[in-house]
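# predicted coordinates and the sequence they were generated for:
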Amino acid sequence: RLVLAIESSCDETSVAVVEDGNKILSNIVASQVLSHQRFGGVVPEVASRHHVEQIISCLDEALVEAKVTVEELSAVAVTEGPGLVGALLIGLSAAKAFAFANGLPLIPVNHMAGHIYAARFVEEMQFPLMALLVSGGHTELVYMPADGEFEIIGETRDDAAGEAYDKVGRVLGLKYPSGKEIDEMAHIGQDVYHFPRAMIKEDHYDFSFSGLKSSFINRVHNAEQKGEELSKVDLAASFQASVVEVLVNKTVRACQNFEVKQLIVAGGVAANQGLRNAMTETMQQQLPDVKVIFPPLKLCGDNAAMIGSAAFAAISKEQTADMYLNATPSLILGE
Ligand code: ATP
Ligand code: MG
Ligand code: FE
């Protein structure tokens with residue numbers, strides 16, 4: 001079965017053709033990152049316009065690269081939320097038009113479910129499993145008792161992990177988004193500033209990153225006032241050490257308490273090498289029977305292939321939508 005998938009929730013226009021939920025025939029990603037960089041973040045109106053300009057050529061290219069004709073497709077999958085409403089609407093309109101014109105079923109997909117299913121391109125999912133979702137807008141622990149079933153057991157109470165990376169990066173004078181660069185700097189530096197590990201001992205699965213961000217900013221400002229020179233790589237290493245320790249600690253505890261078979265770490269921040277190393281090592285020590293899966297690096301960020309994969313769980317449950325399908329900017333996993 002072949003699914004055409006469309007993703008446009010933020011600043012990537014992407015169209016993919018996915019076979020049976022685990023094979024990528026094509027995955028075209030048009031990133032707008034350069035257009036948003038000078039604003040230090042994604043500008044919603046600029047994002048929508050880029051999506052309008054890019055979507056048709058991405059669609060054509062995805063079919064050509066996959067060497068697939070429209071007649072061979074079984075369904076059209078599209079991100080219905082969460083994301084920027086104007087951006088989502090472009091992908092939705094394209095998906096609806098394509099589905100209607102070709103008589104194909106339309107499958108609405110939650111973007112965060114998509115991030116989790118990116119792991120299916122590495123290994124088949126085995127339930128029950130735990131997923132740590134770490135991205136630009138979300139940080140949550142999701143328990144999946146079965147395919148297509150999601151229970152959020154904990155989430156950030158303020159900033160998302162990726163958001164914290166990007167805000168701290170701005171203070172360091174780095175380009176947006178700065179997660180990757182901070183990750184690279186962190187490997188050179190040392191955790192000498194030892195920032196707080198928020199809620200690490202608390203007996204729940206929620207996170208908080210705004211206190212860490214404030215400590216970081218205060219440390220930098222204090223130094224500036226005193227004319228003290230701080231090491232940027234040590235700042236990066238100290239920040240990353242705090243984020244990683246909290247994420248690993250809470251995730252391992254969740255895997256212990258829920259007796260899962262697999263742990264999937266997904267979303268843009270799952271590309272982080274410090275997180276990958278620490279999570280793999282700690283899980284190996286504490287829960288060697290739980291298989292830890294990270295999507296391939298280029299599938300951690302936003303892409304349509306992951307949406308196509310997640311759609312297969314919806315197809316088996318016959319969760320299709322009609323032409324009234326609307327964007328849901330704050331769509332919540334499992335609701
Ligand atoms: P959401 O998925 O919550 O709607 P989003 O789609 O904007 O948000 P993603 O594209 O999944 O987020 O991830 C982007 C985020 O990942 C950015 O904040 C970016 O800084 C961060 N990121 C990317 N690579 C790394 C890395 N190596 N280390 C840390 N953060 C990273
Ligand atoms: Mg993006
Ligand atoms: Fe995302």
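Sure thing, it's come through. Ligands and ions are numbered 1, 2, ... in the order given.
# next, count neighbours for the residue of the stretch 201-335 of the chain found nearest ligand 1.
Of the stretch 201-335 of the chain, the residue with the smallest distance to ligand 1, taken as CB to the nearest ligand atom, is Gly268 at 1.8 Å. In this view, the C-beta of every residue, glycine as well, is placed from N, C-alpha and C. Residue neighbour count, defined by other CB atoms under 10 Å, stands at 25 for Gly268.
# quickly note the distance from it to Gly301.
Taking CB to CB, to the nearest Å as the criterion, Gly268 is separated from Gly301 by 5 Å.
# pick out the residue nearest the middle of the protein.
The structure's the chain has its C-alpha centroid closest to Gly267; by CA atoms, centre = their mean the separation is 2.3 Å.
# now do the contacts for the residue lying closest to it once chain neighbours are set aside.
Among residues not flanking Gly267 along the chain, Ser135 sits closest, at 3.2 Å (CB to CB, 6 or more residues apart in numbering). With contact set as CB atoms under 8 Å, 6 or more residues apart in numbering, Ser135 has these partners: Met112, His115, Ala160, Ala161, Gly162, Gly267, Gly268, Val269.
# now the first one, what's its secondary structure?
Pointing back at Met112 there. Secondary structure, DSSP: H, G, I helix; E, B strand; the rest coil: Met112 is helix.
# can you give me the distance of it to Met306?
Here Met112 is placed at a distance of 10 Å from Met306 (CB to CB).
# who has more neighbours out of these two?
Of the pair Met112 and Met306, Met306 is the one with more neighbours under other CB under 10 Å, namely 33 against 29.
# could you check the pLDDT of the more buried one?
Turning to Met306, the model gives it a pLDDT of 98.
# ok now the host helix or strand of it, how far from the chain's centre?
Met306 belongs to helix 304-316 when assigned by DSSP states H and E. Shown here is helix 304-316, whose average C-alpha point lies 15 Å from the average C-alpha point of the whole chain (CA atoms, centre = their mean, to the nearest Å).
# wait, Ala241 touches Asp191, no?
Yes. In this structure, Ala241 sits in contact with Asp191. The criterion is CB atoms under 8 Å, and the distance is 4.0 Å.
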